[in-house]
Structure formats: C-alpha cells, structure tokens
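K.L.:
take this sequence and fold it.
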Amino acid sequence: MWLHPWVHRASLAAARIYYRLTLAGGRVPSDGPALLVANHPNSLLDPILVAAAARRPVRFLAKAPLFDNAGIGWALRAAGSIRVYRQQDDPAVMGRNEDALRDAQRTLAAGSAVALFPEGISHSLPALSPLKTGAARIALGAAAVTGGDFPILPIGIVLREKDVFRSDALVIVGEPLQWADLSHRGVEDADAVRELTARLDAAIRDVTVNLERWEDAPLVECAESVWAAEFGASRDDADRVARINVAASLLSQIRREPDGRYATLVHAVTRHSRSLRRLGLAPGDLQTDLRNETAFWWSMRRIPLALLPVVLVAVAGWLVWWPAYRLTGFTALIIGGDRDVRSTHKLLGGLVVYLLWLAALVGAAAALGDAWTAALVLVAAPAVGLAGLWIRERWRDAWADARRFFLLRRRPYLLRDLRRRQYEVAERLQALLVRSRPAQRSH
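P.N.:
As a prediction, this is how the structure comes out:
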C-alpha cells in the first residue's frame, strides 16, 4: 500500500490536467471513517475524480479482473484497493465477496475512508442505474464495529464530453446522509439494507444529472440557464445541477400531460436554444454588459496574454508536446472501446506516451549537450507544456468573449429580440414551476 497516502494528490493533478475540473459542494472530513458513494459514468477515471474530491487517502473497491491487468493491477494493489467479485466476471468466486465486505468494514472501523460505485458498472446511460446493496451492507456492518453511524457522502460526477481532453468536469460532494436510525439494525436486517440503499440512491441523484434520454440535455440545460439568467439564481455549480434536475422533472411532467398544454413551452425553449446555439451564445450572454467602459477594463486585464514572452511560451509548449498529443490520440483510436472507457485509454496511454516522449527529449538534450542541459529539459519541458496549455485556453476564452461582445454590439435589434423572447420563456417556466411545486412536494 505504498501508493495509498499519495493517491489523492496524484489524482488531483491528473484530473486537473485531463479535464477542466471544478470541485463543488461540501468537503469530505479530513479524518475518521467516511464512506464515499459515487455514480460511475467514466470507467477508471471515476476513482481519480472521487479521490481528487476527497482530498485525503481513500481505499476503493474495484472489480477483481482489474487486479490481473498488467497495466493497472500493480497500481490498484499499491493503492490498497479492495478486490470485489462480480457475478458477470466469475460466478464461481462470488462467495469471496464476504471477505471484501469485511475488509471494507474493518477499514472504516479503523478510521479510514472507503469509496465505491454502488451501480456496480460503468455506463453511458442518461441517468443513475439501480444501485446494488453492497454500499448499504458495508455501512451497516461497519456501524456495528464503530458503535453507530459515520459520514456517508454522495459524490456526483457530471461530465459534458467525458471522452474529450480538456472538457469540463464537475465533481460535487453532497451533504452527509442521515442514517442514524438505521445504523444499529445490522447487515442481517434486509429492510434496513433496502431502506439505506434507497436513501443512497436519492442522495446520489441529488448531485448528478438524471435525464429520461440524452436528447433532453440541450433542452433542460437551456431551460435552467434561461431561468437562472432572468431570475438571478445562484451561480454555484451544485445549485445548478439541482436546477437541471428540476427542469428534467418538469419535462417528464409535461410529457405526461394528457392535453399537451405545455407542448408549446417545450417548443419555445427548443427554438430559443437553437437560435442561441447558431450564434454561439448562451442564455446568460444576453445579460452581458456592453458598455465601452466594461470593454476597456476587460481588454486591460487581458493585455498580458499578448506579451511576447507569453506568446513564446504558448507556442513552445505546443511545438514541444504536439507529437506526443497526436500519438496519444492515435493510440486511443487504435485501442477503441466504448465511450465510457475511452478517457481511460487516453489517460493511461497518454501517461506512457508522454513519459516516453519526455525521455526522448531528455536523451536528445544529453546527446547534444551535457547532463545539465538534460536536467534543464527534464524540468522545463513539462513546465512549459502546462503553462502553454493554460495560456492557449485563456486565448480561446478571450476570443469567445470578444466575439460575443462584438456580435451583440453590432446587432442590437437581434439582442432586443432574443432578450424579449428569453424573458417570455422564463416567465412561462416560472409559472410552470409554481404550478408543479405541490406535486413535487408530494413526491
């Protein structure tokens, strides 16, 4: 378990390099027993994201075949992962799962953190899959040793384009689960196991986006953004996910309406969403301050991005690492696989490719210079690569801001029309929300 104390730090670094990572919600307790339960949309990158959000050493439950994988088996063992046996992997060894559960319970009783994915599978479905009972059984078994309840925290992983390098990743740490009333009932109490599993399901759903189908995503995201922009809602990412789930719930209610009264609202949101997408805008962009003074100070803050040393670093970082970047993409393409494992192939394959490329750069520096030159390349190449990546992303963000500003300044009539339409849509959404609240409370 030599890697266990460092997993969360390495995971945070890897997650921030691969994704544009945002950590939101609460915090995992820095010590004492804690059970972390998360959704599982992205194969082996999910443990990395959970460990990054935990900010403390965590032991994961992992399926048994991974321990025999030549590429990652050593890392799982070094990190102290707990081997779990699944029916679909080998039905003959399912009985050994009791040992895995006891190991997890002892780990919690010793004051450590344990994490698992209660869905039991990694998938690309638009909503949470039914949970297995393992998490509840681990919690109830550990409570018998610890003398009562301890923090169980839901962690939501929300990914827009999970298999795309430098896409957005949001990880939300939810509120600790309330389960003191169940903690004394034990693993043998089937009703307690079912009830705790149901509470876990509800808690994870609160911090994840759950849709009836993926095609609903643009519609519910636009509805949430329109409402938030017009009514000044909180910009907190966890709050935004909660609002998206409300929008998804409202959409489900609308579909069940026998008279189709709100079909026109769906059409209005869809039309507004398409109009904005064609222009490269978001609902919040219509509230942009277009005064000259605002544009001036925005420009002043971004002048450093145009300085020659900054430009040179950005270009140098791209030139130095472009071959490794292209080779990583080519390697991932050859390996293939479903969408929920593609990022895993890119990250693990990229780690190998980038290390080999760095070794080649250092070797070339040593051959052309001396040991000091090689040492300089060893330190400078990664630093320039990361700095260049950050600068180029700031360039893209600045270009998008400038394009948006000039588009809206040049076409005031368009802005007026979009603002009017958006306000009307927001008013209708608010009316629907008020109408649906009694129904939501009854659920």
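K.L.:
low-confidence stretches in the stretch 1-150 of the chain?
P.N.:
Residue ranges of the stretch 1-150 of the chain with pLDDT under 70: 87-95.
K.L.:
ok, which stretches of it are strands?
P.N.:
20-25, 34-38, 58-63, 82-84, 113-116 (DSSP state E, counting those that start in this stretch).
K.L.:
could I get the ones you listed as TSV with distance to Glu427 and mean neighbour count?
P.N.:
C-betas here are computed from N, CA, C, even on glycine. TSV is the format used below for the strands of the stretch 1-150 of the chain (distance: least, Cβ to Cβ, whole Å; neighbours: other Cβ atoms under 10 Å):
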stretch	distance to Glu427	mean neighbour count
strand 20-25	29	17
strand 34-38	37	25
strand 58-63	46	22
strand 82-84	51	21
strand 113-116	43	25
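K.L.:
tell me which of these lies nearest to Trp395.
P.N.:
Among the strands of the stretch 1-150 of the chain, the nearest to Trp395 by Cβ to Cβ is strand 20-25 (14.5 Å).
K.L.:
just checking: what are the partner strands of the closest one?
P.N.:
Sheet partners assigned to strand 20-25 using DSSP bridges are listed as strand 168-173 (parallel).
K.L.:
got the angle for the partner strand vs strand 34-38?
P.N.:
Calculated by axes from the mean of the first three to the mean of the last three Cα atoms, to 10 degrees, strand 168-173 forms an angle of 140 degrees with strand 34-38.
K.L.:
may I have strand 168-173 as CSV, with CA atoms only?
P.N.:
What follows is strand 168-173, C-alpha atoms only, in CSV (Å, rounded to 0.1, in the frame of the first residue of the first chain):
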residue,chain,number,x,y,z
ASP,A,168,-15.4,20.3,-18.4
ALA,A,169,-15.7,18.0,-15.4
LEU,A,170,-17.8,18.8,-12.3
VAL,A,171,-17.5,16.8,-9.1
ILE,A,172,-20.0,17.6,-6.3
VAL,A,173,-19.6,16.4,-2.7
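K.L.:
tell me the first helix or strand C-terminal of it.
P.N.:
helix 190-206 (DSSP states H and E).
K.L.:
show me what the longest strand seen in the chain is packed against.
P.N.:
Secondary structure of the chain per DSSP state E: the longest strand is strand 152-159. Contacts defined by 3 or more Cβ pairs under 8 Å, 6 or more residues apart in numbering; DSSP states H and E place strand 152-159 against strand 34-38, helix 45-54, strand 168-173, helix 190-206.
K.L.:
need the next SSE after the longest helix along the chain, C-terminal direction.
P.N.:
Ranked by residue count under DSSP state H, the longest helix found in the chain is helix 371-410. Once the chain leaves helix 371-410, the next helix or strand it forms, by DSSP H and E, is helix 412-442.
K.L.:
who's in contact with the longest strand of the chain?
P.N.:
19, 25-26, 28, 34-42, 46, 49-50, 53, 115, 135, 139, 167-177, 179, 200, 203-204, 206-209, 241 (Cβ atoms under 8 Å, 6 or more residues apart in numbering).
K.L.:
list only buried entries from those.
P.N.:
Buried members of the contacts of strand 152-159, counted by 16 or more other Cβ atoms under 10 Å: 19, 25, 28, 34-42, 46, 49-50, 53, 115, 135, 139, 169-174, 176-177, 179, 200, 203-204, 206-209, 241.
K.L.:
quick one: Ala268 from Leu429, how far?
P.N.:
Ala268 sits 9 Å away from Leu429, going by Cβ to Cβ, to the nearest Å.
K.L.:
what does Arg106 give?
P.N.:
50 Å.
K.L.:
which one's more surrounded, the two?
P.N.:
Taking neighbours as other Cβ atoms under 10 Å, Arg106 and Leu429 compare with Leu429 leading, 21 against 14.
K.L.:
related to what we said a few turns ago, quick one: mean pLDDT for the longest helix of the chain?
P.N.:
For helix 371-410, mean pLDDT is 96.
K.L.:
other SSEs contacting it?
P.N.:
Using 3+ Cβ pairs under 8 Å, 6+ apart, helix 371-410 sits against helix 292-302, helix 308-335, helix 339-368.
K.L.:
in JSON lines, list those along with mean neighbour count, distance to Ala10 and mean pLDDT.
P.N.:
JSON lines is the format used below for the helices and strands packed on helix 371-410 (neighbours: other Cβ atoms under 10 Å; distance: least, Cβ to Cβ, whole Å; pLDDT from 0 to 100):
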{"stretch": "helix 292-302", "mean neighbour count": "11", "distance to Ala10": "33", "mean pLDDT": "95"}
{"stretch": "helix 308-335", "mean neighbour count": "15", "distance to Ala10": "19", "mean pLDDT": "94"}
{"stretch": "helix 339-368", "mean neighbour count": "17", "distance to Ala10": "11", "mean pLDDT": "92"}
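K.L.:
returning to that earlier point: Ala70: which of the helices and strands packed on strand 152-159 is closest?
P.N.:
helix 45-54 (18.5 Å).
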